[in-house]
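*Asks:* have a look at this prediction, sequence included:
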Amino acid sequence: MADSLVKELVDAGVHFGHRASRWNPKMAPYIYARKNLIHIIDIRETVRGLLRAKKYLTQVAAGGSLILFVGTKRQASEAIERESLRCGMPFVSERWLGGCLTNFRTVRSRLGRLEELEALRSGEELATYSKKMQSALSREYRKMYRNLNGIRTMNRLPECLVVVDPKKEKNAVQEARKLGITTVSLIDTDCDPDQIDLPIPGNDDGIRSIELISRQLADAILAGRAASSARRETDDGPAALASKESSEMDAEANS
């Protein structure tokens, strides 16, 4: 299993870092070598970080907590949206709204406006507005949908943030740290690992690399949710059976 994972990581180019001139010295423990002025990431550290992150995410998902996926860079947005939808978790793939975590109540209130605009668009009332007003409302809707659609199911603060490139998503990481929310991140050689609780050293610019890591993390979340459902069914089984037997006994007594 480990060998097949290593092969997948290498094939996806996860081991390719940034140019050596752009590195962060704190990433030294995760760097294997330098070749053609490019740092090569130690794939063993990537596997270690990935397995640790998957174990943690499985536990969080099994506990029923939320995990917020964040990746707004062009290479990451599509993969982040796809994988978060697959595992049923909220996501931010277009733009991180300042205060999304630290001012969560206000951001949540804006979802009410988004629902108003959706109701307006789906009904016939929009046709009663002038062309200019219709255009303004459509523009407002597109902007709000792009920024808020991914977090509309996030009815409470998440337990964990899954981030692609913490350097790019520094505002999200800062808000998470301020609130004590655990961060899991794919970090390249130009990032500061001290800002992340569970770093996964790897290429955060390659589309295939991001897709592979996000898919692995989404699989861990699905495994955690499946384990939680199985445990709940097991716990409910004897109670449901006892309740059924009790009902049958009451029915016989009444008859």
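*Replies:* Right, received. Where do you want to start?

*Asks:* roughly how far is stretch 175-189 from the heart of the chain?
*Replies:* Centroid separation for stretch 175-189 versus its chain: 12 Å, with Cα atoms, centre = their mean, to the nearest Å.

*Asks:* could I get the buried residue list for it?
*Replies:* Across stretch 175-189, burial judged by 16 or more other Cβ atoms under 10 Å covers 175-176, 181-189. Using the backbone N, CA and C atoms, a C-beta is placed for each residue, glycine as well.

*Asks:* do the same with stretch 41-48
*Replies:* Going by neighbour count (16+ other Cβ under 10 Å), the buried part of stretch 41-48 is 41-43, 45-47.

*Asks:* then it to PDB, C-alphas only?
*Replies:* Below are the C-alpha coordinates for stretch 41-48, written out as PDB (Å, rounded to 0.1, in the frame of the first residue of the first chain):
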ATOM      1  CA  ILE A  41      11.000  17.300  -1.500                       C
ATOM      2  CA  ASP A  42      11.700  14.200   0.600                       C
ATOM      3  CA  ILE A  43       8.800  11.900  -0.500                       C
ATOM      4  CA  ARG A  44       9.100  10.000   2.800                       C
ATOM      5  CA  GLU A  45       8.100  13.200   4.700                       C
ATOM      6  CA  THR A  46       5.200  13.700   2.300                       C
ATOM      7  CA  VAL A  47       3.900  10.200   3.000                       C
ATOM      8  CA  ARG A  48       4.400  10.700   6.700                       C
END
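
*Asks:* in helices only, show me the buried residues of stretch 175-189.
*Replies:* 175-176 (DSSP state H).

*Asks:* check the buried residues of stretch 175-189 against residue 222 and report the nearest one.
*Replies:* Ranked by distance to residue 222 (Cβ to Cβ), the buried residues of stretch 175-189 are led by residue 184 at 15.6 Å.

*Asks:* now do the closest one against residue 136, distance only.
*Replies:* Counting by Cβ to Cβ, to the nearest Å, the gap from residue 184 to residue 136 is 40 Å.

*Asks:* what does residue 170 give?
*Replies:* Taking Cβ to Cβ as the measure, residue 170 falls 33 Å from residue 136.

*Asks:* then residue 219?
*Replies:* Applying Cβ to Cβ, the value for residue 219 to residue 136 is 43 Å.

*Asks:* the two: which is more packed in?
*Replies:* For residue 219 versus residue 136, the count of surrounding residues by other Cβ atoms under 10 Å is larger for residue 219: 16 against 12.

*Asks:* element containing that one?
*Replies:* For residue 219, the element it lies in under DSSP states H and E is helix 207-254.

*Asks:* and the strands in the stretch 51-200 of the chain?
*Replies:* Counting by DSSP state E, counting those that start in this stretch, the segments of the stretch 51-200 of the chain that form strands are 67-70, 91-92, 160-164, 182-187, 198-201.

*Asks:* looking at these, which is closest to residue 212?
*Replies:* Minimum separation from residue 212 across these (Cβ to Cβ) falls at strand 182-187, 9.8 Å.

*Asks:* could you check the angle strand 160-164 makes with the closest one?
*Replies:* Compare the direction of strand 182-187 with that of strand 160-164 by axes from the mean of the first three to the mean of the last three Cα atoms, to 10 degrees and you get 10 degrees.

*Asks:* list the neighbouring strands of strand 182-187 plus their orientation.
*Replies:* Sheet pairing for strand 182-187, assigned by DSSP bridges, gives strand 160-164 (parallel), strand 198-201 (parallel).

*Asks:* okay, and for the stretch 1-150 of the chain, where does confidence drop off?
*Replies:* 1-2 (pLDDT under 70).

*Asks:* thinking again about what came up before, could you export the buried residues of stretch 41-48 as CSV, including secondary structure and distance to residue 140?
*Replies:* CSV is the format used below for the buried residues of stretch 41-48 (DSSP: H, G, I helix; E, B strand; the rest coil; distance: Cβ to Cβ, whole Å):
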residue, secondary structure, distance to residue 140
41, strand, 43
42, coil, 48
43, helix, 47
45, helix, 46
46, helix, 43
47, helix, 46
